[in-house]
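**Student:** Fold the stuff below for me.
(2 chains)
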Amino acid sequence: MKNKTSLAKGTRDFGPKIMLRRKYILKTIETEFQSYGFLPIETPAIEQLDTLSGKYGEEGDKLLFKILNSGNYLKGVDPVDLYESNYKNLAHRICEKGLRYDLTVPLARFVAMNRQELVFPFKRYQMQPVWRADRPQKGRYREFWQCDADVIGSGSLLFEADFVNLIDQVFTKLGISYRLELNNRKILEAIANRYIPAEKFTEFVILLDKLDKVSFDTLVPEFREIGIMEKDLDDLKDFLIVEKLTSVVLEKLRKAFSYSEKGIEGCNELLTVLELFTLSRPNENVFLNLSLARGLDYYTGTIFEVKAKNVSIGSILGGGRYDNLTGVFGLPDVSGVGISFGIDRIYDVMDELNLFAEHSEQKTKALFCHFDEKGRKYNQKISSSIRSAGIFCEVYPDFKKLPKQFDYAESKGIEWVLISGEQELENGTISYKNLLTKEQGTTEPAKLIELIHPKSERGE
RNA sequence: GUGAUUGUAGCUCAGUUGGUUAGAGCGCUUGAUUGUGGUUCAAGAGGCCGCGGGUUCGAGUCCCGUCCUUCACCCCA
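**Tutor:** Modelled structure (predicted):
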């Protein structure tokens, strides 16, 4: 029986073992989100293609999954386009919907549509899958989950500081050694203004982003191409520091920006963020990286990026401040800031570094065993009472030999087996064995709860 | 989108210059053992060699296409 079926490229099934771990990551993040006052929303997987198109740049548009119209999707199609395989024209004719590419644009749409009912600043979190028609590779999937928290409708730098703390709490809980890099779009603008005309800013930013992977020197030809003078190259190279974020570093930087108000503003913002997060949680993992740019060009202020130490898998979190995200949906001048955890990559990091603990609290604790219909009925009754007491348990479904039933318990990691045979039924008792400690005996059903989950462990 | 790479039993993998009936380990089923698991021993089941075409007397093996895997680029979580 050969498996002729296969998964769509870049998608994955998750078995129980993996799901328990994914749920654990999700739960850890969700708890932190909630503790900072973020409230959940969900939006549809499917959006109008118009909502998504043009929000992610030319590259992003190519990566959008489009959904073929229902019914006769060829109605109204220009035969010339068909004949000439003019797929770009066709796509928007025959596809009016698409799968969401991230959670930020749907949020912007949501806020614009529901602005009357929302309390501002609106703090929401959202944990849902997103889809990108990318070629899969390490740490990159076509379907993956993002866990976003955003604050809409406030320019307060307090939220940037909150995010720094929140990020630290999540990764500390998960046991991941990380490095949080910050930058500010205003600082980038100030640097760019030093060397090149404003219209080259985007190209400049894309180049800076590459410095993460390749050395400055290999990019020199491209820097020249966008108009950086030969004499300025060394100056730029010295400028692009990566250092621990401290007030001393920011002070130095601010002096270097004496020519640029924007630059000074960016420094002041980072200084405020530093002060605020340090008040609640000093953090040694925060760095200032002046070449951190991030491709998404809607960012206007602080930029966040987190990488795991000791694993090469790209960033596991990204985020930043944007001043006009909802503008295209008819709600201008609303400032927001947000971050996004990539839990598929976080999973890969934890898997590679062996950071997953056994999550035994989620497993079945006891298995009821028996030999015949009478015993099964007896067990069925007892099981429901200990289940009501909060003990995860299950009743063996068939009448098989005891070793089989033990094997089942063993392979599911069930600690206790409870046996009801002729003897036990006659005396109104039940036999038990702990597969880990080998402790065994016979007791009354009413005492099972205390046996399996003693008060001392319950903390009562 | 560009360039590579992979696919043989449930899993991990052998399979010679193309040559009878495609193998191993682990796992699975049954028994030794009809109320006490993980060990041991014995027997057994399980494969259209990813799919489609081609070359050949003959293809798991060579060629072409396609799908999935993995990886780099682009870009990103």
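
**Student:** tell me the SS of the closest residue to residue A:211 other than its chain neighbours?
**Tutor:** Once flanking residues are discounted, residue A:211 sits nearest to residue A:291: 4.3 Å by CB to CB, 6 or more residues apart in numbering. Bear in mind the C-beta positions are built from the backbone N, C-alpha and C, glycine included. Under DSSP: H, G, I helix; E, B strand; the rest coil, the three-state class of residue A:291 is coil.

**Student:** do residue A:398 as well
**Tutor:** Quick answer, by three-state DSSP: residue A:398 is coil.

**Student:** and it, what is it in contact with?
**Tutor:** The contact partners of residue A:398, taken as CB atoms under 8 Å, 6 or more residues apart in numbering, number zero.

**Student:** From residue A:111, how far out is it?
**Tutor:** Here the criterion is CB to CB, to the nearest Å. By it, residue A:398 lies 55 Å from residue A:111.

**Student:** what's around residue A:390, how many residues?
**Tutor:** Per other CB atoms under 10 Å, the neighbour tally for residue A:390 reads 10.

**Student:** Which of the helices or strands spans the closest residue to residue A:198 other than its chain neighbours?
**Tutor:** What sits nearest to residue A:198 in space, not counting adjacent residues and going by CB to CB, 6+ apart, is residue A:192, at 7.6 Å. Taking DSSP states H and E as the criterion, residue A:192 maps to helix A:185-195.

**Student:** How about residues contacting that helix?
**Tutor:** By CB under 8 Å, 6+ apart, helix A:185-195 touches A:198, A:200-201, A:204-205, A:208, A:227-229, A:232, A:235-236, A:239-240, A:253, A:257, A:259-260, A:262-267, A:269-270, A:290, A:293, A:299-303, A:320-321.

**Student:** hmm, which of those are the buried ones?
**Tutor:** Using 16 or more other CB atoms under 10 Å as the burial test, the contacts of helix A:185-195 include A:200-201, A:204-205, A:208, A:228, A:236, A:239, A:253, A:257, A:260, A:262-267, A:269-270, A:290, A:293, A:299-303, A:320-321 as buried.

**Student:** Just the ones in helices from those residues, please.
**Tutor:** A:201, A:204-205, A:208, A:236, A:239, A:253, A:262-267, A:269-270 (DSSP state H).

**Student:** Tell me the one among those residues nearest to RNA strand B.
**Tutor:** residue A:205 (9.0 Å; CB to the nearest atom of the strand).

**Student:** what residues are up against the residue nearest to residue A:211?
**Tutor:** Counting by CB under 8 Å, 6+ apart, residue A:291 has contacts A:183, A:208-209, A:211-212, A:240, A:242.

**Student:** Any part of stretch A:387-397 near RNA strand B?
**Tutor:** No - using CB under 7 Å from any atom of the strand, stretch A:387-397 never reaches RNA strand B; the gap is at least 12.8 Å.

**Student:** chain center to the helix holding residue A:192, what's the gap?
**Tutor:** Averaging C-alpha positions (CA atoms, centre = their mean, to the nearest Å) puts helix A:185-195 30 Å from its chain's average.

**Student:** Mean confidence (pLDDT) on it, please.
**Tutor:** Mean pLDDT, helix A:185-195: 90.

**Student:** okay, it in PDB with CA atoms only?
**Tutor:** These are the backbone C-alpha positions of helix A:185-195, laid out as PDB (Å, rounded to 0.1, in the frame of the first residue of the first chain):
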ATOM      1  CA  ARG A 185      14.300  54.100  11.000                       C
ATOM      2  CA  LYS A 186      15.000  57.800  11.700                       C
ATOM      3  CA  ILE A 187      18.600  57.000  12.400                       C
ATOM      4  CA  LEU A 188      18.800  55.100   9.100                       C
ATOM      5  CA  GLU A 189      17.400  58.200   7.300                       C
ATOM      6  CA  ALA A 190      20.000  60.400   9.000                       C
ATOM      7  CA  ILE A 191      22.800  58.100   7.900                       C
ATOM      8  CA  ALA A 192      21.500  57.900   4.400                       C
ATOM      9  CA  ASN A 193      21.100  61.700   4.200                       C
ATOM     10  CA  ARG A 194      24.800  62.000   4.900                       C
ATOM     11  CA  TYR A 195      25.800  60.300   1.600                       C
END
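
**Student:** can you give me how far stretch A:374-391 is from the chain middle?
**Tutor:** 39 Å.

**Student:** ignore the last one, stretch A:370-386
**Tutor:** 43 Å.

**Student:** can you put the contacts of residue A:291 in a markdown table and add distance to RNA strand B?
**Tutor:** Shown next, in a markdown table, are the contacts of residue A:291 (distance: CB to the nearest atom of the strand, whole Å):
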| residue | distance to RNA strand B |
| --- | --- |
| A:183 | 14 |
| A:208 | 11 |
| A:209 | 6 |
| A:211 | 11 |
| A:212 | 7 |
| A:240 | 17 |
| A:242 | 16 |
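
**Student:** Of those residues, keep whichever come out buried.
**Tutor:** Buried by 16+ other CB under 10 Å: A:183, A:208, A:211-212, out of the contacts of residue A:291.

**Student:** what's the lowest-pLDDT member of those residues?
**Tutor:** residue A:212 (81).

**Student:** ok now do residue A:141, which residues does it touch?
**Tutor:** A:10-12, A:344.

**Student:** Turn those residues into TSV, columns for distance to residue A:143.
**Tutor:** Formatted as TSV, these follow (distance: CB to CB, whole Å):
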residue	distance to residue A:143
A:10	7
A:11	5
A:12	8
A:344	9
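
**Student:** hmm, which of those are the buried ones?
**Tutor:** A:10, A:344.

**Student:** near RNA strand B, from the contacts of residue A:141?
**Tutor:** Okay, of those touching RNA strand B (CB under 7 Å from any atom of the strand), that's A:10-11, A:344.

**Student:** Out of those residues, list just those in helices.
**Tutor:** Per DSSP H, the subset of those in helices is residue A:344.

**Student:** from the ones next to RNA strand B among the contacts of residue A:141, which single one is nearest residue A:130?
**Tutor:** Comparing these against residue A:130 with CB to CB places residue A:344 closest, at 10.4 Å.

**Student:** Can you name the residues of the stretch 51-200 of chain A that neighbour RNA strand B?
**Tutor:** A:57, A:59-60, A:62-63, A:102, A:132, A:134-142, A:144, A:146.

**Student:** Just the buried residues from these, in PyMOL please.
**Tutor:** Selection of the buried residues among those in PyMOL, burial being defined by 16+ other CB under 10 Å:
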select buried, chain A and resi 60+102+132+139+140+141+142+144+146
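
**Student:** So which of the residues of the stretch 51-200 of chain A next to RNA strand B are in helices?
**Tutor:** Short answer: these in helices (DSSP H) are A:57, A:59-60, A:62.

**Student:** list the contacts for whichever residue of the stretch 351-460 of chain A sits closest to RNA strand B?
**Tutor:** As assessed by CB to the nearest atom of the strand, RNA strand B sits closest to residue A:421 within the stretch 351-460 of chain A, at 2.0 Å. By CB under 8 Å, 6+ apart, the residues touching residue A:421 are A:370-371, A:375, A:431.

**Student:** same deal with residue A:266?
**Tutor:** A:184-190, A:257, A:301.
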